[in-house]
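Undergrad: Have a look at this prediction, sequence included:
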Amino acid sequence: MKCIEIRGQRLVMAERPVPKLKAGEVLVKVHAAGVNRPDILQRKGLYPPPPGASDIPGLEIAGEIVKGAGKGKKVIALVAGGGYAEYCAVPAKQCLPLPKGMDFITAAGIPETYFTVWTNLFDRGGLKKGETVLIHGGASGIGTTAIQIARAFGAKVIVTAGTDKKCRACKKLGAQTTINYRTKDFVVETLRVTKNAGVDVVLDMVGGDYLPRNLMVLKAGGRHVSIAMQHGRVAELDIFQVMSKRLILTGSTLRPRSVADKAAIAQALHKAVWPLLGKGRLGPVVDRVFPLAEAQAAHEYLESAAHVGKVILQAI
Ligand SMILES: NC(=O)c1ccc[n+]([C@@H]2O[C@H](COP(=O)([O-])OP(=O)(O)OC[C@H]3O[C@@H](n4cnc5c(N)ncnc54)[C@H](OP(=O)(O)O)[C@@H]3O)[C@@H](O)[C@H]2O)c1
């Protein structure tokens with residue numbers, strides 16, 4: 001099969017045997033694969049695949065099962081690697097049906113962000129109807145999904161983004177308040193729009209110096225959920241703020257979690273989110289599509305941060 005390999009921190013087209021299936025896996029003919037920031041970290045040698053996972057990049061796919069249980073079914077799947085390829089072996093429990101009326105390219109943008117957002121906003125962050133969430137990076141793949149899901153489940157949404165254009169896009173997706181963090185201080189703005197009440201949950205992909213500032217905008221009983229650390233993995237924080245406001249600091253990484261954990265998230269998504277997909281309320285925002293052979297250009301585009309939503313690779 002044709003696939004993308006990482007050579008010297010660049011993505012190149014290569015030929016490999018079609019993957020052999022392990023117990024519980026199915027073979028998917030990939031029609032489209034999503035590009036995620038963790039793929040860029042992997043290409044740069046900063047995010048190695050977990051033990052047993054394919055070293056071919058790609059964490060999410062949409063396609064058709066061609067071998068194993070459910071042969072012939074159109075699916076999307078969360079994978080621990082191997083998505084940038086013609087064929088991908090996937091634990092059957094990490095497959096979900098292609099949402100009704102959705103094409104493969106759009107659907108390929110679902111798994112990584114929906115699994116991540118669901119488990120971090122709700123399982124870890126305990127976000128409830130009527131609460132307010134601050135989402136950093138609102139125009140990212142993760143951010144655009146988080147806005148839609150949080151709104152669909154009755155939360156109020158404040159986001160940060162790096163340009164006015166991105167802020168407008170986030171508003172269209174349902175964010176009630178958008179803050180261009182390059183021109184406004186998000187702490188001041190968040191406290192202003194919440195009349196000093198603050199927010200219940202912060203979904204943070206920035207880390208570093210953002211952490212102490214995030215704590216300032218959390219109300220008593222607030223939850224801080226870390227999913228990335230673009231400003232660094234070390235933060236200095238005021239322990240008394242955590243104590244006095246009874247804050248909870250949590251976070252997670254999706255890729256190394258067990259098949260059982262991922263299957264549980266898949267089931268929760270299928271029950272709560274699938275009925276809403278494709279009905280105009282929820283669905284990936286596809287910014288740009290590249291052919292698989294141009295995976296390197298797709299990475300460079302994502303790195304430029306010019307996008308709003310998802311970048312997708314169209315398979316052969
Ligand atoms: N923990 C997990 O399980 C998990 C899973 C998937 C992804 N992630 C992480 O989640 C993040 C988003 O992933 P993605 O694939 O959606 O990537 P992406 O679309 O490339 O998003 C990265 C975003 O970060 C924003 N950003 C950078 N500095 C910022 C700042 N100071 N304040 C606010 N926003 C800022 C950029 O937008 P601006 O132009 O607005 O700055 C960009 O939209 C990545 O860091 C990724 O590693 C974590």
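TA: Yep, that arrived.

Undergrad: quick one, strands of the stretch 101-250 of the chain?
TA: 132-135, 156-161, 177-180, 199-204, 218-226, 248-251 (DSSP state E, counting those that start in this stretch).

Undergrad: and residue 289, which of the ones you listed is closest to it?
TA: strand 156-161 (22.1 Å; Cβ to Cβ). C-betas here are computed from N, CA, C, even on glycine.

Undergrad: now the closest one against strand 199-204, angle please.
TA: Relative orientation of strand 156-161 versus strand 199-204 (axes from the mean of the first three to the mean of the last three Cα atoms, to 10 degrees): 30 degrees.

Undergrad: for strand 156-161, what is the average pLDDT?
TA: For strand 156-161, mean pLDDT rounds to 98.

Undergrad: Work out the gap between it and the centre of the chain.
TA: The chain centroid and the centroid of strand 156-161 are separated by 16 Å under Cα atoms, centre = their mean, to the nearest Å.

Undergrad: what does stretch 41-54 give?
TA: Taking Cα atoms, centre = their mean, one finds stretch 41-54 lying 17 Å from the centre of the chain it belongs to.

Undergrad: ditto for stretch 279-299
TA: 13 Å.

Undergrad: sorry, back to before: okay if I get the strands of the stretch 101-250 of the chain as CSV plus mean neighbour count and distance to residue 314?
TA: Listed next are the strands of the stretch 101-250 of the chain as CSV, based on neighbours: other Cβ atoms under 10 Å; distance: least, Cβ to Cβ, whole Å:
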stretch, mean neighbour count, distance to residue 314
strand 132-135, 26, 29
strand 156-161, 26, 27
strand 177-180, 21, 31
strand 199-204, 27, 30
strand 218-226, 20, 32
strand 248-251, 16, 33
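
Undergrad: Quick one: closest of those strands to residue 316.
TA: strand 156-161 (34.2 Å).

Undergrad: Next, see if that closest one gets close to the ligand.
TA: Yes. Under the criterion of Cβ under 6 Å from any ligand atom, strand 156-161 makes contact with the ligand via 160-161.

Undergrad: would you turn the strands of the stretch 101-250 of the chain into TSV with distance to residue 95?
TA: As requested, the strands of the stretch 101-250 of the chain are arranged in TSV below (distance: least, Cβ to Cβ, whole Å):
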stretch	distance to residue 95
strand 132-135	28
strand 156-161	30
strand 177-180	35
strand 199-204	26
strand 218-226	26
strand 248-251	26
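
Undergrad: so which of those strands gets nearest residue 275?
TA: Using Cβ to Cβ, the strands of the stretch 101-250 of the chain put strand 156-161 closest to residue 275, at 20.9 Å.

Undergrad: Check which helices and strands that closest one is in contact with.
TA: Using 3 or more Cβ pairs under 8 Å, 6 or more residues apart in numbering; DSSP states H and E as the contact criterion, the elements in contact with strand 156-161 are strand 132-135, helix 141-152, helix 164-173, strand 177-180, helix 186-193.

Undergrad: how about the first one as PDB, C-alpha atoms only?
TA: In other words, strand 132-135. Once non-C-alpha atoms are left out, strand 132-135 reads as follows in PDB (Å, rounded to 0.1, in the frame of the first residue of the first chain):
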ATOM      1  CA  THR A 132     -19.400  28.600  31.600                       C
ATOM      2  CA  VAL A 133     -16.300  27.300  29.900                       C
ATOM      3  CA  LEU A 134     -13.200  29.200  28.700                       C
ATOM      4  CA  ILE A 135     -11.700  27.500  25.700                       C
END
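
Undergrad: what are the pairing partners of that strand, and which direction each?
TA: In the sheet containing strand 132-135, its partner strands are strand 156-161 (parallel), strand 199-204 (parallel), by DSSP bridges.
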